[in-house]
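Visitor: What follows is a predicted protein model with its sequence.
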Amino acid sequence: MDADEAFARQLQQQFEKEERSLQQQEDKDLAMALSMGHAISDSEEEDSDGRESPSMFRSLTKSKNTNSNASASQDISDSDDTDVEEDAPPKKQKMKSPSKKTPSKKSPSKKQEKDEDMPSTSKGDTGKRKASSSKDEKPMCQYGSECFRRNKWHLEEFRHPEEDTPVSKKRKIESSKKRTTEDNARQSTSSSSSSSSSSSSSSVRSCTDVIQEASPLCFLMTKVSGISSQYNSTKAVHISDILSECMGELVESVQFNYMHDISWLVQQYPKKFRSKPLLLVHGEQREGKMRLHEEASAYSHIKLCQAKLEMMWGTHHSKMMLLLYTNGMRVVIHTANLIHQDWHQKSQGVWISPLFPKLSGSTEGSSIAGDSPSHFKSDLMEYLAAYKSKSLLDWIAHIKRHDMSNAKVHIIGSVPGRHIGEAKSKWGHMKMRRILKEHGPVSKDVSNWPVIAQFSSVGSLGPDKSKWLCAEFLQSMTATKGASASFVRDDNRMLKLIFPSRDNIRTSLEGYPAGGSVPYSIKTAMKQKYFNTFLQQWKASKRGRSRASPHIKTYSRLSPDSSSIPWFLVTSSNLSKAAWGALEKNASQLMIRSYEIGVLFLPQHFEPESKFFAVGEQTSSSDKQLEFPLPWDVPLVPYTKEDRPWIWDIPYFDKPDSHGNVWAPPPL
């Protein structure tokens, strides 16, 4: 037994001890699930993209001779995406109590709450929160004196410099903040990340210019602070660009997402649009829902819609914007949470639709009118209808009244449930299988082209790769026109998985804190050691984002000479059964836990005679091929014998990160 495995086993014993102490808290939820007929096996309980131990937390410990401003601490969120705030550690490097958490995703409560209920805040609960977060224990807010968040949840959770400042100086700081509020707001709504000098240099180009340049594909990446301006000036946008005035006269909008920082989000809208109706679709439960309602209560134009999570361990993970203008409508499907960190120094993907005009009066009554060959409109309406929420009925009506016939992508969505009959092929990997069988490549053209899966989180895939990963999932991804592809289950050449290595995270722009958004636990990793045999490093030098940790999720197939792909998918779905679904009852039903959404690009919808998209620097095919701007480099770079996948709940003391910090889980 090598040292790594011995340490992993020791750490696993600690995790099991912590989980036993949490069992009593989970009994009610488990009892509910069992009463509903949902037998939760050990593998199902872990099929939550890294949510192994809700009591775990992250902390960054400074190594010697490093800048204190570079250090940060992490709380673990029990979610499949697990993007958490990165904050400076308390003085004396005190570890944060496991009971003190930043806002995190919770398992569904025993009783599903109504969409628009406004829960009251319990005085007792508030008192407990205050008692458990003394000034000495609270971590420092990463935004320091420039933080503009003043809701009580944030102030109870994090310390700010002015709390340690004499009253006279505090008044001066507050006065200075008032003078700079407008400047900060103006800066945040520019076409660059608010802290990115490199992005700001390209702000003269409007979002419509960028979209025009990226047409007809309109696949973009988000701008990244800290990289060369040349990589932010082409095929790249910030959220403030997407919401800018040049895109149209906004009437109202809806934001579907997993994490929301409402005060930050409001600042991303131009000032003239900040009072326009805004609906936030979320999956928060219990305390998380209370916090979201508390923050939203400060904005009269914001309403909340709670996505019903009827499956245990599921999340509302979809990331989409619907933007209604006076002259039409746009749909934006992307991979970033609605928080500053996700739009700052991470690699994210964005698809922006064309401006869909309103239908003429004679055709707007038909749900089929204005649909495209990819059935984009009808699939989008069906996805919204699956929420079963009155709050979304108006948006279904808006979609129905617009002409979306020029949408060239397919929607690949997931919604929670056990889907049978025709519904089984409407969602998850079975939807991918159906679309590829109908419109995908011909089998003989791609028989030896491996599937490329790139993601930022890994769920429990099972101890045997032939049970799900190299069985139903790979069968769907290798489906071809007319039939599913045949493949050898034990042939690793047919599947390549792009996932950050330890060094990818350590040397990233964010350093080890980037790993807080890349959840893969040691407990899950120990059960699926075959996973490592498929791994490829994150490299994105052609897009200038090799050091921008990936939060994007993409899937494709790649020719052996790395020159062509037959299709490309950008989605919110990580590599997990919860996101893609798992067949049950002799493949008669598909069980999905989470909401997800993505768009699939097929070359024939953009160039009628084309079979493939061109990628890389060489195109050996004589066919006319549209070039697709891949977010990662080709040819792929396999892991070396020394490389290990990033695992977020074990310590990394041997090498400091790009800010001089080390990564420290709780002590044993």
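Guide: That came through, no problem.

Visitor: which residues of this protein score low on pLDDT?
Guide: By pLDDT under 70, the low-scoring segments of the chain are 1-137, 142-154, 161-204, 362-367, 484-491, 616-623, 665-668.

Visitor: rerun at 80
Guide: 1-204, 361-367, 482-491, 616-624, 665-668 (pLDDT under 80).

Visitor: quick one: terminal-to-terminal distance for stretch 291-303?
Guide: 14 Å (C-alpha to C-alpha, to the nearest Å).

Visitor: tell me which residues in that stretch are buried?
Guide: Neighbour-count burial for stretch 291-303 flags R291, L292, H293, E294, E295, A296, I302 (criterion: 16 or more other C-beta atoms under 10 Å). For glycine as for every other residue, the C-beta is placed from the backbone atoms N, C-alpha and C.

Visitor: Next step: the residues you listed restricted to helices.
Guide: R291, L292, H293, E294, E295, A296 (DSSP state H).

Visitor: Now for these: which two are most distant?
Guide: Using C-beta to C-beta, these reach their maximum pairwise distance at R291 and A296, which is 9.6 Å.

Visitor: Isn't C218 up against T208?
Guide: No - at 11.3 Å, C218 does not count as touching T208 under the criterion of C-beta atoms under 8 Å.

Visitor: neighbours of C246, just the number please.
Guide: Other residues near C246 come to 12 when the count uses other C-beta atoms under 10 Å.

Visitor: Report the contact partners of it.
Guide: Contact partners of C246, counting by C-beta atoms under 8 Å, 6 or more residues apart in numbering, are S206, C207, T208.

Visitor: a helix runs through it, doesn't it?
Guide: Yes - assigned with DSSP: H, G, I helix; E, B strand; the rest coil, C246 falls within a helix.

Visitor: What sits closest to it if chain neighbours are left out?
Guide: Spatial nearest neighbour of C246, chain neighbours left out: S206 (4.3 Å); criterion: C-beta to C-beta, 6 or more residues apart in numbering.

Visitor: so how far is G328 from the one you found?
Guide: S206 sits 17 Å away from G328, going by C-beta to C-beta, to the nearest Å.

Visitor: if we can go back for a sec, which single one of the ones in helices among the buried residues of stretch 291-303 is nearest to L630?
Guide: The closest of those, once distances to L630 are taken by C-beta to C-beta, is L292, at 35.6 Å.

Visitor: hang on, isn't the closest one packed against G283?
Guide: No - at 10.2 Å, L292 and G283 do not qualify as touching, with contact defined as C-beta under 8 Å.

Visitor: What is the neighbour count of G288?
Guide: When neighbours are defined as other C-beta under 10 Å, G288 has 18 of them.

Visitor: could you measure it against W648, distance?
Guide: Going from G288 to W648 by C-beta to C-beta gives 21 Å.

Visitor: How about S372?
Guide: If you measure S372 against W648 using C-beta to C-beta, the figure is 40 Å.

Visitor: Between those two, tell me which one has more neighbours.
Guide: Of the pair S372 and W648, W648 is the one with more neighbours under other C-beta under 10 Å, namely 25 against 18.

Visitor: from memory that one sits against G515, does it?
Guide: Yes - the pair formed by W648 and G515 meets the contact definition of C-beta under 8 Å, at 5.0 Å.

Visitor: Name the SS class of R434, please.
Guide: Taken by three-state DSSP, the conformation at R434 corresponds to helix.

Visitor: pretty sure K346 is touching R547, no?
Guide: No - in this structure, K346 is not within contact of R547 by C-beta under 8 Å, at 10.6 Å.

Visitor: Who has more neighbours out of the two?
Guide: Ranked by neighbour count (other C-beta under 10 Å), K346 and R547 place K346 first, with 28 against 21.

Visitor: could you measure that one against W313, distance?
Guide: The spacing between K346 and W313, counted by C-beta to C-beta, is 25 Å.

Visitor: ditto for I242
Guide: Distance from I242 to W313, counting by C-beta to C-beta: 31 Å.

Visitor: same question, V518
Guide: V518 sits at a distance of 19 Å from W313 (criterion: C-beta to C-beta).

Visitor: neighbour count winner among those two?
Guide: Neighbour totals were compared for V518 and W313, and V518 leads with 29 against 25 (other C-beta under 10 Å).

Visitor: For L324, name its beta-bridge partners.
Guide: Beta bridges link L324 to E252, M329 when assigned by DSSP bridges.

Visitor: Next up, the contacts around it.
Guide: Neighbour list for L324: L250, V251, E252, S253, H398 [criterion: C-beta under 8 Å, 6+ apart].

Visitor: repeat that for 6 Å
Guide: Contact analysis of L324 by C-beta atoms under 6 Å, 6 or more residues apart in numbering lists V251, E252, H398.

Visitor: With G314 instead?
Guide: When contacts are counted by C-beta under 6 Å, 6+ apart, G314 touches P416, R593, S594.
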